[in-house]
Each structure stands twice: as structure tokens, then as C-alpha cells.
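Sequence and computational prediction follow.
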Amino acid sequence: MCRFRETTFELLGGVTELNFNLLNWGDDGAVQLAVVLPLCAKLTVLGLQDTQLGDKGAAALAGAIKGNGVIKVLRLGVNHIGDAGAAAFADALRINGVLEKLWLNGNKIGDAGAAALADALRVNGALTQLELGGNQIGDAGAAALADALRVNGALTELALYSNQIGEDAKSKLQEVVQGRSGFELLV
């Protein structure tokens with residue numbers, strides 16, 4: 001388990017990117033990081049890939065991101081985040097108007113988590129890239145995301161490769177983004 005000291009993060013006040021990838025912090029480490037994250041006043045990129053992060057840690061980070069006006073890129077791939085963690089990030093995305101890229105690839109997000117994120121996309125105008133490849137999203141989650149894309153004009157990249165999405169649902173997603181200049185759909 002890691003322990004953060006506020007004085008350490010005060011010294012990092014001018015740092016713009018932190019990557020704690022491949023550390024076995026788990027939820028406890030993420031909860032501690034969420035508490036001191038506001039001390040990193042210029043932090044725009046945070047990487048916590050493959051850190052054994054689950055729903056509890058994701059919820060803590062989502063709470064910290066909710067009111068954060070600085071972080072633009074959050075990389076949380078290859079963890080253990082499920083539907084509850086995705087729902088926590090969806091709640092944050094409804095309020096946060098700064099986060100541009102959210103990587104949740106290689107987690108355990110299913111249809112309920114995808115639907116929660118889709119609901120947030122209906123009101124979020126900042127997120128441009130959502131990485132959800134390698135999860136457990138099926139046709140219902142893909143349909144929710146397709147519906148959200150009908151009203152969201154900010155998102156320019158959506159990755160859904162290596163999920164459980166059937167051909168009909170993939171076609172509906174492609175149909176929704178067809179004609180959008182520069183939109184990248186990876187299914």
C-alpha cells in the first residue's frame with residue numbers, strides 16, 4: 001500500500017503529468033491519491049494504468065475529478081473497474097467540463113456502465129476521446145452509446161473493440177457517426 005504525504009504533492013504543484021502505471025496500489029492507493037490530487041494545481045495528465053484499481057478507487061478518483069478544472073487526460077486502462085466505477089465517472093462527467101480523454105480500456109465494464117457513460121455524454125461537451133476497448137460491453141451498452149452520440153457533438157473518438165458487441169449494434173454505431181468529419185470509431 002502506498003502512503004501519500006501532502007508535502008510531497010505540494011512540491012509537485014507545478015508538475016503537469018504524473019504516471020503511476022504498473023504499481024499495485026489498488027483501491028486504497030487511489031483513495032489516498034484522490035485526497036491529495038487537488039494539491040497538484042497544474043496536473044493535466046494522470047496515468048494509473050494496471051494499478052489493480054477497482055470500483056472503490058475509481059469512485060474516489062471520480063469524486064476528485066468531478067470538480068477538477070485542470071486534468072485533461074485520465075488513463076485508467078487495465079484495471080478492475082466495473083459498472084459501479086464507470087457510473088461514478090459518468091457522474092463526474094456530468095459536471096466536469098475540462099476532461100478531454102478518458103481511458104477505461106481493459107476493465108470489467110458491462111452494459112450498465114456503458115449506459116451510465118452514455119447518459120453523461122448527453123450533457124458533457126468536453127470529452128473528445130473515450131476508450132472502452134477490452135471490456136464486457138454488449139449490444140445494450142453499444143445501443144446506449146449510439147443514442148448518446150446522436151446528441152453529443154464533442155466526442156471525436158470512441159473505442160469499443162474487443163467487447164461483446166454484435167454486428168447489428170456495430171452497424172448502428174457506424175451509422176450514427178457516418179458523415180462526421182474526423183470521427184474515429186473503433187469497434
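Yep, it's here.

all contacts plus neighbour counts: C-alpha atoms, from now on.
Noted.

Report how many residues lie close to N152.
N152 has 21 neighbouring residues, counting by other C-alpha atoms under 10 Å.

correct me, but it touches G125?
Yes. The pair N152 / G125 is scored as a contact, 7.1 Å apart, by C-alpha atoms under 8 Å.

So G125, which state does it fall into?
coil (DSSP: H, G, I helix; E, B strand; the rest coil).

Report the separation between the two terminal residues of stretch 127-136.
Start-to-end span of stretch 127-136 (C-alpha to C-alpha, to the nearest Å) is 22 Å.

Then stretch 79-87?
Taking C-alpha to C-alpha as the measure, stretch 79-87 stretches 15 Å from start to finish.

same thing with stretch 46-56?
First-to-last residue span, stretch 46-56, C-alpha to C-alpha: 18 Å.

in a helix, that's where I71 is, yeah?
No. I71: not assigned to a helix; according to three-state DSSP it is coil.

How many residues are close by it?
A count of neighbours around I71, defined by other C-alpha under 10 Å, yields 22.

Where does I65 sit, in terms of helix or strand?
helix 55-66 (DSSP states H and E).

try L130
strand 129-131.

pretty sure D55 is touching G85, no?
Yes. If you go by C-alpha under 8 Å, D55 and G85 touch, sitting 4.3 Å apart.

more crowded one of those two?
Taking other C-alpha under 10 Å, D55 and G85 do not tie; G85 has more neighbours (26 against 21).

is it true that that one touches G63?
No. At 10.7 Å, G85 does not count as touching G63 under the criterion of C-alpha under 8 Å.

picking up where we left off before, quick check: buried residues in the helix or strand just after the helix holding I65?
The helix or strand immediately downstream of helix 55-66 is strand 73-75, counting by DSSP H and E. Neighbour-count burial for strand 73-75, counted by 16 or more other C-alpha atoms under 10 Å, picks out 73-75.

could you give the mean pLDDT of strand 73-75?
Average pLDDT, strand 73-75: 98.
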